[in-house]
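Participant: What follows is a predicted protein model with its sequence.
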Amino acid sequence: MSARFDSELYEEILEYAREKGIPKTRALRELTKEGVKKWRLTKALSFYKDGKITIWKASRIAGIPLSRMVEIAASEKIPIHFSEEDLERDFKAVFGETF
């Protein structure tokens with residue numbers, strides 16, 4: 001794979017590499033990996049906010065623990081969607097059919 005960068009972005013990649021004391025190819029891998037992680041989180045939060053997926057599914061898309069996803073959603077002021085049916089299902093899972 002190859003990529004072309006404008007001179008400003010290229011200089012920022014080089015600066016990152018210098019600060020970390022790593023080769024520029026490793027710097028590019030690290031920065032790309034971090035960018036993909038942020039993209040996955042943003043996508044997951046957007047889907048969750050729009051009601052397209054559950055918070056659990058959002059945590060799986062983002063690749064983070066459910067508890068962390070709940071914290072992030074709260075920090076972004078995204079309400080937690082939890083219906084009466086969800087609550088009943090969870091109670092049954094924990095306490096059995098006769099809760």
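Facilitator: Structure received.
Participant: And for stretch 75-89, what's in contact with it?
Facilitator: Residues outside stretch 75-89 that contact it (CB atoms under 8 Å, 6 or more residues apart in numbering) are Leu45, Tyr48, Lys49, Gly51, Thr54, Ile55, Val70, Ala73, Ala74. All C-beta atoms are positioned from the backbone trio N, CA, C, and that covers glycine.
Participant: got the CA positions of that stretch in CSV?
Facilitator: In CSV, the C-alpha atoms belonging to stretch 75-89 read as follows (Å, rounded to 0.1, in the frame of the first residue of the first chain):
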residue,chain,number,x,y,z
SER,A,75,-19.8,12.2,28.6
GLU,A,76,-21.1,12.9,25.2
LYS,A,77,-24.6,13.6,26.7
ILE,A,78,-26.1,10.7,24.8
PRO,A,79,-28.9,9.2,26.8
ILE,A,80,-28.9,5.5,27.6
HIS,A,81,-31.7,3.8,25.8
PHE,A,82,-33.2,1.1,28.0
SER,A,83,-36.7,-0.1,27.6
GLU,A,84,-39.0,-1.9,30.0
GLU,A,85,-38.5,-5.0,27.9
ASP,A,86,-34.8,-4.7,28.2
LEU,A,87,-35.1,-4.4,32.0
GLU,A,88,-37.4,-7.4,32.2
ARG,A,89,-35.1,-9.5,30.0
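Participant: Flag the helix or strand of the protein with the lowest per-element mean pLDDT.
Facilitator: Ranking every helix and strand in the chain by mean pLDDT, DSSP states H and E puts helix 84-95 at the bottom, with a mean of 76.
Participant: Buried ones in that one, by neighbour count?
Facilitator: Judged by neighbour count (16 or more other CB atoms under 10 Å), helix 84-95 contains no buried residues.
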